[in-house]
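Enquirer: One predicted model, sequence on top.
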Amino acid sequence: MVERNLTEAIAKNKANIDAIQAKSGVDLKECYQCGKCSAGCSMAAGMDLKPREVVRYLQLGLWDDVLKSNSPWICASCHTCVARCPHNVDIPSLMEAVRQEAKRQGIVPVKEVDVFTNVFIDSVKKNGKLHDLMLTGMYNMKSGHLMQDAWAGAPMLKSGKVGLRPHTVKDKEAVRRLIKNSLKRGESK
Amino acid sequence: MSVDVEKKNVDPNWEPKILSFSCNWCTYAGADLAGLNRMKYPENVRVIRVPCSGRVNPQFVLRAFQKGSDGVLVCGCHPGDCHYVTGNYFTRRRFLLMQRFLEYNGIDPRRFQARWISGAEAGKFRDTVTKVSNDIKALGPNKKFQESWYKERGESNE
Amino acid sequence: MSDIQQELRKTARELLESGEVGYIIGWGKGRFANQTHPIFVKDPAKVDELVWDDYCLSTLAKYTQDDKYPEKKIGICVRGCDSRAVNRLIQDHQLKREDVYLIGIPCSGKLDPETNEPAKKCVECAHRNPVVYDVLLGSPVEEVPQPERFKEVEELEAMTPDERYNYWADVYDKCIRCYACRNVCPACNCRECYTDQYRVGWQGKQNNRAENQIFGITRAYHVGDRCIECGECQRVCPMGLPLMKLNRKMLKDINNLFGAYEAGLDTETKPALGHYETNDVEEFM
Amino acid sequence: MKYSYYPGCSLSSTGLEYGLSTRYVAKKIGMELHEIPDWNCCGATAAHSMNHDLALALPARNLALVEKQGLGLEIAIPCAACYSRMKYAIQAARSSEKERQKIEEIIEMPYEAKNDAICLLEAFAREDAQAAVKEKIVKSLNGLKVASYYGCLLVRPAGVTQFDDNENPQSMDNLMTLIGAKPVNWAFKTECCGASHQVDAPKVARPLIYNILRNAKANGAEAIVTACPLCMMNLDMREFEFNKAKKEFDIPVYYFTELLGMAMGADPKELGMEKHFTPAVARIKEAFKRPPEEEKPIKKAKAKVEEVKEEEKPKEAIDNE
Amino acid sequence: MSRTGVFICHCGTNIAAVVDIAKVVEKAKSMPNVVYVEDNKYTCSEPGQQAIKDAIVKHKLDRIVIGSCSPRMHEPTFRKMLASTEINPYMLEIANLREQCSWVHTDREKATDKAIDLVRMAVAKVAKNHALFTSSIPVTKRALVVGGGIAGIQAALDIADAGYPVTLVEREPSLGGKMVMLDKTFPTMDCSACICTPKMVDAGQHPNITVMTSCEVEKVSGYIGNFEVTIRQKATYVDHSVCTGCGICELKCPSKVTSEFEQGMAQRRAIYKPFPQAVPAKPVIDAANCRKLNGKAKCGICQTQCPQGCINFEDEDKLITNTYGAIVIATGYELIDWKSIYGEYGGGQYPDVINGLQFERLVNASGPTEGHILRPSDGKEPKSVVIVKCVGSRDPNKGKGYCSRACCMYAAKHAHQVLEKIDNAQCYVFYIDVRTAGKAYEEFYTRTLEDGAIYVRGRVSKIYEEDGKLICKGEDTLSGQTVSVAADMVVLETAMVPAAGVEKVATLMTISRDNDNWLQEAHPKLRPVETHTAGVFLAGVCQGPKDIPDTVAQASASAAKVCGIFSKAELQTNPMISKVDIEKCSGCGDCAGICPYKAISMQDMEFIEHGKKITRRVSTVNSGLCQGCGACVAGCRPGAIDLLGFTNAQILEEVDALCL
């Protein structure tokens, strides 16, 4: 690990880190690094930076490491960490803010999660409701895991759990408009 | 003959004279603590030390306005923390009524304030004093209830 | 009206003759038909001077303060407001219940001598029947609820601070500091009023607007939580100052802040400034 | 027991049996569920992952439709993800006037956040529902050891859901005792099941399911009961997947409404129970055939005896045992 | 005409740096009644005070105004100085030119104007001052100590050794408090019983100490030197004057109850001594669980078995009232109820997850397991023990925000005891920090490391039972790894919280509490054992979490304060109290209703009015009880009652001086 120059890192990234705190409503100074969040995190095993370390890196101004880390994408936002945190540090919101900022900068460490989100929203944009067949079909194709969970396809079709015809919302237009409005507003913020 | 001095152009370097009654055990100690921490606040407030905010007779507030004060601030311990156990409960009732009565008689509500400030709340003392003197500096000199009003205008209805 | 007057005179004669009462305070006629004045009847023969008509306006209870240590009981005619005045004096320990014999007379309101219209204080009266008495002449009258008890106060409150100041400035400019309001008020029962203590420095004697304002506001503040709303101060004021608007403002705030309150209905309910509740309204945090 | 009803996308697809069993049990106990006309998908994790406003707008449209429906009822929501998103939307709209107007602008519909939302489990956990369920029970699970699994979104974040305890919830356990099952005291009641990460991050998410099943098995669970279609699919499908590789777990997974339905005498097909991955019908049928538990009734009997003794000699105290 | 002297202090540069002293001196000369003005670099210093004394003589001054620091600082000093001159110490007013002027303002000109105003106000007020004289009140030289833990015992012993009688009140059936429950004490590892029980016995047998166990303070009135305290002696149904403590009754008693002393890990009888070395070593009956007293059965075996016949079932609470000169409060603490807060640690469903005091009982020789560390669930010896620190402490979200100070050290002690008593045991300590701020504390911690305790830095997130093991999931933040430990037993070092019922004691003594409910000391650094109520002192953890050395130090400190009061024959009362002008008083009684100290009573007095002898009701003030708050003065409409030192005239003068 190359030696990290903190004076530089903090000077360079102070603005970004203040912005992330404002967006997520988290005050990084409140965390005294007790580790209870990492210990209780169900997805910690798969994260390169565990929740406490994400907060620590941001406290030290190491912004780029956090942007490139897969943790914000692996986080299942199950809220175990914030429920047990002595200072109520809202890590799920922090992870969400970092994920959206990384996406904005085109950094996607876990392609599958991004694909899944986009395919999900596309399906809702199309029918107003989620169409499972389209979700798994498009996801497998776009993520490259063509045969993932294929074995489950047959039983699902047989039991009628997954139908060819999507369930749709009559006023699909209203749903599409509200999705467009939200995303348009998103860019401006 | 009305008195409408309030809203006219207030000359900028006029300094209001604000009187504050502070209870010895809490607010006066808080004010001293503000001094200890070298906090800064405007010079317009003069503090009269009283043993308890319960000692402050509402007539003193009337007297202050009559003799030319531009604002009055009564401070004491938080209810429940009074060194004399129940002093500030009476203060609260007396000034809940006097505050409304002054307003009813035409005094601008911002000219009379009461606050609970404990011995540890040096910051709150500074902020309260700063806010009160800025409010009153904006309001301009108080001409209501004042004896001096006669001297200036020469009118008398003796 | 006259049969109550007969009964009043009969009761007075019996009381005086039995010696139970040293003298009786009631209303008597002067030169003018539309006026009465307080009289003190000692001699049973003179009971016919006592009258009961539409012009018995003055409150009699305060006169007991001139004879604080009577040998015998003092008889007083008490209407609704007088009886509350007696309660007021008893609660302030200036009068003992056993020193007075109260002749209760339900009152359906008196007339203002100048206008011959019902007197303002009677129109606004919420307790026409005596709340305490030893004997009751005639049957109780029907009470008139007063929903607009604080209407005048609300009208003033609607004004801007400057308008209000100018309103009161005009009022206080007229005050001549005759202290009639203080002398007639049952709540003003101090041995030595603060206005007479010039050496302590409370209040100047000058008759200018500032001093008048200080006197007016201080007196209203002193009696505010014990005022029985008898309206005498306003009635007797030679300059016609709207003093009840001051007292009612205090009572309105006491009602809003500390709960419904009417003074003098009994001798137990404590005046608002004499006690406190730990969960009073909090505005000074 | 009248509610507006928001089924959510899963109940007409992967959570088919949850929809069927909910309908069955609701009808049985007379709980009216008025489905929201033309509701749309709540966006679940994808929406809030993509954009904060989208996450509020999608559920808000449904909430606005409920207000248009005008029944003024609470909204019962079976799926934990939809329930959580709806709660966030209501809380956001009520937090400030500015926020409420922003939501109205996005969804282009009037919305005053009048109605409250509760999860379906809370609807059944309420006094009136429990009493109604008790009346309709015809069969008992005779002490079947059931581990109730709540997942995370039902009980966390506590500030938003305000439902049961977020470390050791009991509401589903109480329902299970109603139908004769014996709730298992296990530790993974509220551990996360990985939700959509079972699809887009399987390597990391799979062990979560394994740990839950392992702890349930270690504590002697004969069945797991859930109240969320995503947890149900993950547990049921992935257990089947583990067992395909190496037969390790024999813990069928149910919706609590399925078990309630069975206890009310429903036929498994009516509830769609045969659609599970891990075979589920057998275990329930076997439980019904079990001898009713001995010790519970006897204890009751003994209590009765003691009561009698006290009644006989109320005056002078019982001499020391 | 009064001759006022004004003395303006530079206070080095503290005042002079901002306030133009010369201008203030100049202006002061023209103020009414001022005949002499002088400024001085350090007025409070010896030469400064001497300068004032000389000026008094030279200029025949009779009133003094000093413009200096806050009166809260040096008013007593200057009053003492005046006591040695022929001016009455109360003919003095102080203008606060430092804390409320020079230190808080920067603009020199405005600050100087303010200083002049403040001096003018003081000069105006001093013109109306009167000579005031203290009166003396008797001191009952008997102390009351509330709480029989080590703090209370130590305070009582020190006061008693100084020769004054002490009443030591303890609500439990025996002295000892929490310390006597412990096994060993850090850092010396000497056995707690060996150093605590001898002190308990000394207190029990000390001629000057009256031990009152199973008692609670019921009512307190009065003031320093004359506290009237009513103590409720709860019914114990055993006549301790006759009982020899033979213990037959305890053996025979049929009903078993979980023992509070043993932290619920052992049983006791309905008639019991909490622990063998109890002082007094005599049993009491717990009415709630005694079958005879709670009506469940006729029983009464203990009565029939008792050779001395000291069991009396008709015993009732007794109220004992006495006067005391000073009170020491030592009500101690209890551990936070972690079970209702920490569901993630099992919420109490795992019997082998215990708290610090339960561990102390396990490892204590007279405990339920005679000192062998055995698991409460199956009685087996735990081979792997996890200790979790800061449970409830430093956790504002779920528990308390503060650090409980002592747990770092007793956690190390527990680890040491586990490794010492259980062969080839393994002990893991989950910590955030190790705070060893005491003599030989760091060495004690290092020794525990050398014993082989593994310190893992990180809070435990979840504890759950699987396959007979307690799995503790945590993170070692130093290595960044999430870790888990399979333990046989877990000890949670939980936060200290004030003892239940401390609110009642605080309200009785009119002392306030901080926002964590600890009793509020007068000043955290300068007056840690005093309270704002004169004559009431604090000792031990009731004032905040601390360990035994600090507790004992505070106990002796409060004893010294008490002896300070008792060393004087009489106490000087505060002369600035209310006084009634009976001519103006109409006897309305409003003031009596306002006084919080019941210092005002209405008396009938004889007067001659208009030649007639009459008796009239007037208000009278008890100079001992009145604390000088003035609430009555503001409630008196004609100003018949006035507060000496802050009379209406004085304050009106001050207001006028400020505004002209």
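Expert: Cool, the structure landed.

Enquirer: hmm, who's touching stretch A:77-89?
Expert: The contact list for stretch A:77-89 (C-beta atoms under 8 Å, 6 or more residues apart in numbering or on different chains) reads A:26-28, A:30-32, A:34, A:36-38, A:40-42, A:51, A:55, A:90-92, A:95-96, D:45, D:48, D:152-153, D:156-158, D:166, D:190-192, D:195, E:344, E:394-398, E:459, E:461. Backbone N, C-alpha and C define where each C-beta goes, glycine included.

Enquirer: Need the CA coordinates for the helix or strand containing residue E:66. CSV is fine.
Expert: For residue E:66, the host element (DSSP states H and E) is strand E:63-68. Taking C-alpha atoms only, strand E:63-68 is exported to CSV below (Å, rounded to 0.1, in the frame of the first residue of the first chain):
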residue,chain,number,x,y,z
ARG,E,63,-19.7,53.6,51.6
ILE,E,64,-17.4,51.8,49.1
VAL,E,65,-17.9,51.0,45.4
ILE,E,66,-15.3,48.8,43.8
GLY,E,67,-15.1,48.5,40.0
SER,E,68,-13.4,45.1,39.5
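
Enquirer: Residues contacting that strand, please?
Expert: If you take C-beta under 8 Å, 6+ apart as the criterion, strand E:63-68 is touched by E:2-9, E:11, E:15, E:24, E:28, E:33-34, E:43-44, E:52, E:56, E:74, E:78, E:82, E:87, E:91-95, E:97-98, E:115, E:118-119, E:122-123, E:126-127, E:129.

Enquirer: Now go through those and say which are in helices.
Expert: E:24, E:28, E:52, E:56, E:74, E:78, E:82, E:115, E:118-119, E:122-123, E:126-127 (DSSP state H).

Enquirer: Would you mark the buried spots in stretch B:51-71?
Expert: Using 16 or more other C-beta atoms under 10 Å in any protein chain shown as the test for burial, stretch B:51-71 gives B:51-71.

Enquirer: Of the contacts of strand E:63-68, which ones also sit close to chain B?
Expert: Residues of the contacts of strand E:63-68 in contact with chain B (C-beta under 8 Å from any C-beta of the partner chain): E:98, E:118.

Enquirer: which residues touch the residue nearest the centre of chain B?
Expert: Within chain B, one residue has its C-alpha closest to the average C-alpha position: by C-alpha atoms, centre = their mean, that is residue B:72, at 1.6 Å. Applying C-beta under 8 Å, 6+ apart to residue B:72 gives the contacts B:18, B:19, B:20, B:21, B:61, B:64, B:65, B:111, B:112, B:113.

Enquirer: how about those residues in a markdown table, adding distance to residue B:123, pLDDT and secondary structure?
Expert: Listed next are those as a markdown table, based on distance: C-beta to C-beta, whole Å; pLDDT from 0 to 100; DSSP: H, G, I helix; E, B strand; the rest coil:
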| residue | distance to residue B:123 | pLDDT | secondary structure |
| --- | --- | --- | --- |
| B:18 | 19 | 94 | strand |
| B:19 | 22 | 95 | strand |
| B:20 | 16 | 95 | strand |
| B:21 | 20 | 96 | strand |
| B:61 | 25 | 94 | helix |
| B:64 | 26 | 93 | helix |
| B:65 | 28 | 91 | helix |
| B:111 | 24 | 93 | helix |
| B:112 | 23 | 94 | strand |
| B:113 | 17 | 94 | strand |
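
Enquirer: filter those to the buried ones?
Expert: Buried among the contacts of residue B:72 (16+ other C-beta under 10 Å): B:18, B:19, B:20, B:21, B:61, B:64, B:65, B:111, B:112, B:113.

Enquirer: among the contacts of stretch A:77-89, which are in strands?
Expert: Members of the contacts of stretch A:77-89 lying in strands (criterion: DSSP state E): none.

Enquirer: I would like a ChimeraX command selecting only the buried ones among those residues, please.
Expert: ChimeraX command restricting the contacts of stretch A:77-89 to the buried ones, with burial defined by 16+ other C-beta under 10 Å:
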select /A:26,28,31,34,36,37,38,40,41,42,51,55,90,91,92,95,96 /D:45,48,152,153,156,157,166,190,191,192,195 /E:344,394,395,398,459,461
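
Enquirer: What residue in chain D comes nearest to chain E?
Expert: Relative to chain E, the nearest point of chain D is residue D:167 (2.5 Å; C-beta to the nearest C-beta).

Enquirer: Check which residues of the strand or helix carrying residue D:92 are buried.
Expert: Assessed by DSSP H and E, residue D:92 sits inside helix D:80-95. Within helix D:80-95, the residues scored as buried using 16+ other C-beta under 10 Å are D:80-90, D:92-93.

Enquirer: Could you break chain A into its assigned domains?
Expert: Using automatic domain parsing, the domain parsing of chain A gives A:6-104, A:111-184.

Enquirer: out of those, which comes closest to residue D:139?
Expert: domain A:111-184 (24.8 Å; C-beta to C-beta).

Enquirer: what is the rounded mean pLDDT of the closest one?
Expert: In this model, domain A:111-184 has a mean pLDDT of 88.

Enquirer: quick one: the nearest residue to residue E:187 once chain neighbours are set aside and residue E:548, what's the gap?
Expert: Closest residue to residue E:187 apart from its sequence neighbours, by C-beta to C-beta, 6 or more residues apart in numbering or on different chains: residue E:444 at 3.9 Å. For residue E:444, the distance to residue E:548 (C-beta to C-beta, to the nearest Å) stands at 14 Å.

Enquirer: so what's residue A:135 closest to, chain neighbours aside?
Expert: Of all residues not flanking residue A:135 in the chain, residue A:123 sits nearest, at 5.4 Å (C-beta to C-beta, 6+ apart).

Enquirer: Tally up the residues packed near that neighbour, please.
Expert: The number of residues packed near residue A:123 is 24, by other C-beta atoms under 10 Å in any protein chain shown.

Enquirer: is it true that it lies in a helix?
Expert: Yes - checked against DSSP: H, G, I helix; E, B strand; the rest coil, residue A:123 lies within a helix.

Enquirer: can you list the domains in chain C?
Expert: C:3-136, C:151-258.

Enquirer: Mean pLDDT, mean neighbour count and distance to chain E added to these, as TSV?
Expert: Below are the domains of chain C laid out as TSV (pLDDT from 0 to 100; neighbours: other C-beta atoms under 10 Å in any protein chain shown; distance: least, C-beta to the nearest C-beta, whole Å):
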stretch	mean pLDDT	mean neighbour count	distance to chain E
domain C:3-136	92	18	5
domain C:151-258	92	19	4
